[in-house]
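*Asks:* Okay, predicted coordinates and the sequence, questions at the end:
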Amino acid sequence: MVIPPALKSRPFRLYWVGHLISMAGTQMQLWALYWHLRVLTDQPMVISGLGLVRFLPVILIALIGGVWADHHDRRKTTMITQLAQGLVAVFLGLTTVTGSATVWMLFGLMAVQSVTVGFDVPARQALIPSLVRREDLPSAYSLTSIGAKVGGILGPAVSGLVIAYLGLQWAYWINAISYLAVIAALIAMGHIETKIIRRKIDFRAAVADIRDGVEFIKNSPVILSAMVLDFFGSFFSSANTLLPFVATDILHIGPVPYGWLSASQGIGTLLIGLYLSQRARLRRQGMLICISIAAFGLATIMFGMSRAFWLTMLALILIGLFDGLSSIIRNTVRQLLTPDHMRGRMMSITLIFFRGGPQLGEVESGLVAQALGVPFAIISGGVGCVLASAFIVRKFPQLWRYNGDEVSEPALEVTSNAGS
């Protein structure tokens, strides 16, 4: 196998290893948290409320975080946010081992962590283009997705074992330790040169910068349509918080096989990430985004209909594969079509969309599951995802036509009869 081009960059190699370790810890904590909430309550609506708790701080903070990332050292910002998230994980473990953890306390700690995410993601994602050559960006984002999904396999799989044999608190404490890997990598890579405009940010300047970022997205139809498609696709097909109910009430399995189901989406995304990391050029990128979102919805329907462990696992692998395909291409498209001085703001707006879709979708799926049952909530979400993909293709034909080698975007043109 040929070494992916992005790994030839020492700063990116350091970042990637730290990112992989940290993502394993993060995913271990997330799926342990779902299980923890299921232990505390048997109400799908309550557990799915975690999505709202994780999203509201992001929508309030992300735009400010994007402005910050465009005017301050992205490397140092990431170190601070990673440390803050590690401290939250320590407190999660402490409240668990002392027996003081409640649903509302867990929600509160996750809200604090989401505030740090509002600064962390724009800075970290905007840093990547400074670690590799421009032509190596597709490889870099494929590898970033691979690292996230290897972590998404190891973390959830190990979480089941940790819960079963060590206790929930250790899932949180191991995650706290994993954040040190990113911090160590950022320290080791030293100073990174970025094209940011360093200045003190006052309220008026921040508002002006946010407005510029919003205008840039509005006038970039490929970026805008990909973000809208991501939002609605993930809104309808998000059912991660329902997996503990599928495991315990439908499949009748314990924490260890639950951990493997939790890891299944990561397996699918890892497979597609490995394939794309070896591709120097990828044609018809817009069409691939649209098709992969529709296929994501179909795989979700299979997940909701399954009553067998192996079929559920296969459906989740397919969900991860198609979600990974669309997310890798979307990340590459956004970065290639965005100037460096605007990347932090672009990523902060993107963060609202890709966090808002799945996390508000978790609330929606919980409400539907509470009223009509878990299987109906998952299946109807998959149908909604397919319909959303068809709508966006009609509304934004520029996305379908986007090939991937365009230097800049065409002017925004939305068909007048779209959605009629």
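*Replies:* That came through, no problem. Remember, it's a predicted structure, so these values are computed and weren't measured experimentally. Numbering: from 1, shown residues only.
*Asks:* Only the C-alpha atoms, please, for the host helix or strand of residue 290, written as PDB.
*Replies:* If you go by DSSP states H and E, residue 290 is part of helix 285-305. Written as PDB, here are the backbone C-alpha positions of helix 285-305 (Å, rounded to 0.1, in the frame of the first residue of the first chain):
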ATOM      1  CA  GLN A 285     -18.000  14.900  -6.100                       C
ATOM      2  CA  GLY A 286     -21.400  16.700  -5.900                       C
ATOM      3  CA  MET A 287     -23.300  13.700  -7.300                       C
ATOM      4  CA  LEU A 288     -21.500  11.400  -4.900                       C
ATOM      5  CA  ILE A 289     -22.500  13.500  -1.900                       C
ATOM      6  CA  CYS A 290     -26.200  13.400  -2.900                       C
ATOM      7  CA  ILE A 291     -26.200   9.700  -3.600                       C
ATOM      8  CA  SER A 292     -24.400   8.800  -0.400                       C
ATOM      9  CA  ILE A 293     -26.900  10.700   1.700                       C
ATOM     10  CA  ALA A 294     -29.800   8.900   0.000                       C
ATOM     11  CA  ALA A 295     -28.000   5.500   0.600                       C
ATOM     12  CA  PHE A 296     -27.400   6.600   4.200                       C
ATOM     13  CA  GLY A 297     -31.200   6.900   4.600                       C
ATOM     14  CA  LEU A 298     -31.900   3.500   3.000                       C
ATOM     15  CA  ALA A 299     -29.400   1.900   5.400                       C
ATOM     16  CA  THR A 300     -31.200   3.600   8.300                       C
ATOM     17  CA  ILE A 301     -34.400   2.000   7.100                       C
ATOM     18  CA  MET A 302     -32.700  -1.400   7.200                       C
ATOM     19  CA  PHE A 303     -31.500  -0.700  10.800                       C
ATOM     20  CA  GLY A 304     -35.000   0.100  11.900                       C
ATOM     21  CA  MET A 305     -36.500  -3.000  10.400                       C
END
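*Asks:* Can you tell me the element the residue nearest to residue 52 when sequence neighbours are not counted falls in?
*Replies:* Nearest residue to residue 52, sequence neighbours excluded (CB to CB, 6 or more residues apart in numbering): residue 363, at 5.0 Å. To be clear about C-beta, it is placed using only N, CA and C from the backbone, and glycine gets the same treatment. Assigned by DSSP H and E, residue 363 belongs to helix 343-372.
*Asks:* and that helix, what other elements does it pack with?
*Replies:* Secondary-structure packing of helix 343-372 (3 or more CB pairs under 8 Å, 6 or more residues apart in numbering; DSSP states H and E): helix 44-71, helix 103-127, helix 203-218, helix 221-237, helix 309-336, helix 374-395.
*Asks:* next SSE after the first one?
*Replies:* Meaning helix 44-71. Per DSSP H and E, the first helix or strand lying C-terminal to helix 44-71 is helix 74-97.
*Asks:* What residues sit buried inside that next one?
*Replies:* Buried residues in helix 74-97, counted by 16 or more other CB atoms under 10 Å: 74-75, 77-79, 81-82, 84-86, 88-89, 91-93, 95-96.
*Asks:* Mean confidence (pLDDT) on that helix, please.
*Replies:* For helix 74-97, the mean per-residue pLDDT is 92.
*Asks:* Please shift the residue numbers so they start at 32 in all later answers.
*Replies:* Yep, numbering from 32; the last one is helix 105-128 now.
*Asks:* What is that helix packed up against?
*Replies:* With contacts defined as 3+ CB pairs under 8 Å, 6+ apart, the packing partners of helix 105-128 are helix 41-71, helix 134-158, helix 199-220.
*Asks:* For the helix holding residue 321, buried residues please.
*Replies:* With burial defined by 16+ other CB under 10 Å, the residues of helix 316-336 counted as buried are 316-317, 319-335.
*Asks:* other SSEs contacting that helix?
*Replies:* By 3+ CB pairs under 8 Å, 6+ apart, helix 316-336 packs against helix 252-268, helix 340-367, helix 405-426, helix 428-432.
*Asks:* Residue 277 contacts residue 408, correct?
*Replies:* No - taking contacts as CB atoms under 8 Å, residue 277 lies outside contact range of residue 408: 10.5 Å.
*Asks:* Now the helices and strands packed on helix 105-128 in JSON lines, please, with extra columns for distance to residue 191.
*Replies:* Converted to JSON lines, those look like this (distance: least, CB to CB, whole Å):
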{"stretch": "helix 41-71", "distance to residue 191": "8"}
{"stretch": "helix 134-158", "distance to residue 191": "19"}
{"stretch": "helix 199-220", "distance to residue 191": "10"}
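*Asks:* Excluding chain neighbours, give the residue nearest to residue 63 in space.
*Replies:* Spatial nearest neighbour of residue 63, chain neighbours left out: residue 202 (3.5 Å); criterion: CB to CB, 6+ apart.
*Asks:* Identify the residues contacting residue 356.
*Replies:* Shown in contact with residue 356 (CB atoms under 8 Å, 6 or more residues apart in numbering): 303, 307, 319, 323.
*Asks:* quick one: least confident of these?
*Replies:* The minimum pLDDT among the contacts of residue 356 falls on residue 307, with 74.
*Asks:* If we ignore the residues flanking it in sequence, what's nearest that residue?
*Replies:* Closest residue to residue 307 apart from its sequence neighbours, by CB to CB, 6+ apart: residue 173 at 4.4 Å.
*Asks:* likewise residue 64?
*Replies:* Computed as CB to CB, 6+ apart, the closest residue to residue 64 that is not its neighbour in sequence is residue 137, at 6.6 Å.
*Asks:* now the one you found: how far from residue 247?
*Replies:* Between residue 137 and residue 247 the computed distance is 37 Å (CB to CB, to the nearest Å).
*Asks:* Can you point out the buried residues in stretch 267-284?
*Replies:* Neighbour-count burial for stretch 267-284 flags 267-279, 281-282, 284 (criterion: 16+ other CB under 10 Å).
*Asks:* What count of nearby residues applies to the residue nearest to residue 88 when sequence neighbours are not counted?
*Replies:* Once flanking residues are discounted, residue 88 sits nearest to residue 145: 3.9 Å by CB to CB, 6+ apart. Applying other CB atoms under 10 Å, we find 24 other residues in the vicinity of residue 145.
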